[in-house]
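Novice: 3D model of this:
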Amino acid sequence: MEKSNMERIVRIPHFSKDGKQPKTMELLLVRPTTNTKGYIDEGRLVLMVDDGGNRVGFQLTIAEASLLYQRLGYALGILAEDFHKMNKDRKPSASSPRRPGREDEPSQDEYSDDYMDMDKI
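Specialist: Numbers count the residues shown, from 1 in each chain. Next up, the predicted model:
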C-alpha cells in the first residue's frame with residue numbers, strides 16, 4: 001500500500017489516565033488511480049488502529065465503506081432515541097436544586113419532545 005497517495009481524513013486519539021501512549025484510530029482515503037493497463041482502480045478507505053505497540057489497517061472497498069456508513073447512522077439513531085427516551089422518562093433528582101420561579105423551564109440537560117425526529121435519520 002503506497003502511503004504517498006493516502007490522505008488522512010480523521011485521526012481520533014484515546015488518552016488513558018495512566019499517561020501511556022495514546023491509542024489512535026485513523027481514517028485514510030486512497031483516491032482512484034489509473035493502472036499501467038489504463039484501467040481505473042477503485043478508490044478505498046483504510047481504517048488504521050494503533051494501540052501504541054501494534055498498528056493494524058483494514059482496507060474497505062467503496063461498498064464496504066458505504067455499508068459501514070449506513071450501519072453507523074442506524075446505530076447512532078438507536079443510541080440517540082434511547083437517550084432521548086431515558087432522559088424524557090427521568091424524574092428530576094431531589095439533590096439537584098431548582099432556582100425559584102424557574103420550575104416551568106427545562107434544565108440544560110433536558111430535551112424537548114421535538115429535539116430529534118428519528119424518521120429523518
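
Novice: hey, let's count contacts and neighbours off CA atoms from now on
Specialist: Will do.

Novice: residues touching the residue nearest to the spatial centre of the chain, list them.
Specialist: Among the residues of the chain, the one closest to the centroid is residue 72, at 7.5 Å (Cα atoms, centre = their mean). Listed by Cα atoms under 8 Å, 6 or more residues apart in numbering, the contact set of residue 72 is empty.

Novice: quick check, it in a helix?
Specialist: Yes: assessed by DSSP: H, G, I helix; E, B strand; the rest coil, residue 72 belongs to a helix.

Novice: can you pull out the helices in this structure?
Specialist: 62-89 (DSSP state H).

Novice: Now do stretch 38-56: distance from first to last residue.
Specialist: Start-to-end span of stretch 38-56 (Cα to Cα, to the nearest Å) is 31 Å.

Novice: buried set for that stretch?
Specialist: For stretch 38-56, the neighbour count (16 or more other Cα atoms under 10 Å) marks 44, 45, 46, 47, 48, 49, 50 as buried.

Novice: Quick check: the farthest pair among these?
Specialist: Farthest pair in these (Cα to Cα) is 44 and 50. Separation: 19.5 Å.

Novice: Reformat the buried residues of stretch 38-56 as JSON lines; add pLDDT and distance to residue 15.
Specialist: Listed next are the buried residues of stretch 38-56 as JSON lines, based on pLDDT from 0 to 100; distance: Cα to Cα, whole Å:
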{"residue": "44", "pLDDT": "93", "distance to residue 15": "28"}
{"residue": "45", "pLDDT": "96", "distance to residue 15": "24"}
{"residue": "46", "pLDDT": "96", "distance to residue 15": "22"}
{"residue": "47", "pLDDT": "96", "distance to residue 15": "19"}
{"residue": "48", "pLDDT": "95", "distance to residue 15": "17"}
{"residue": "49", "pLDDT": "95", "distance to residue 15": "14"}
{"residue": "50", "pLDDT": "95", "distance to residue 15": "12"}
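
Novice: Sort out which of the residues you listed are in strands and list them.
Specialist: Among the buried residues of stretch 38-56, DSSP state E puts 44, 45, 46, 47, 48, 49, 50 in strands.
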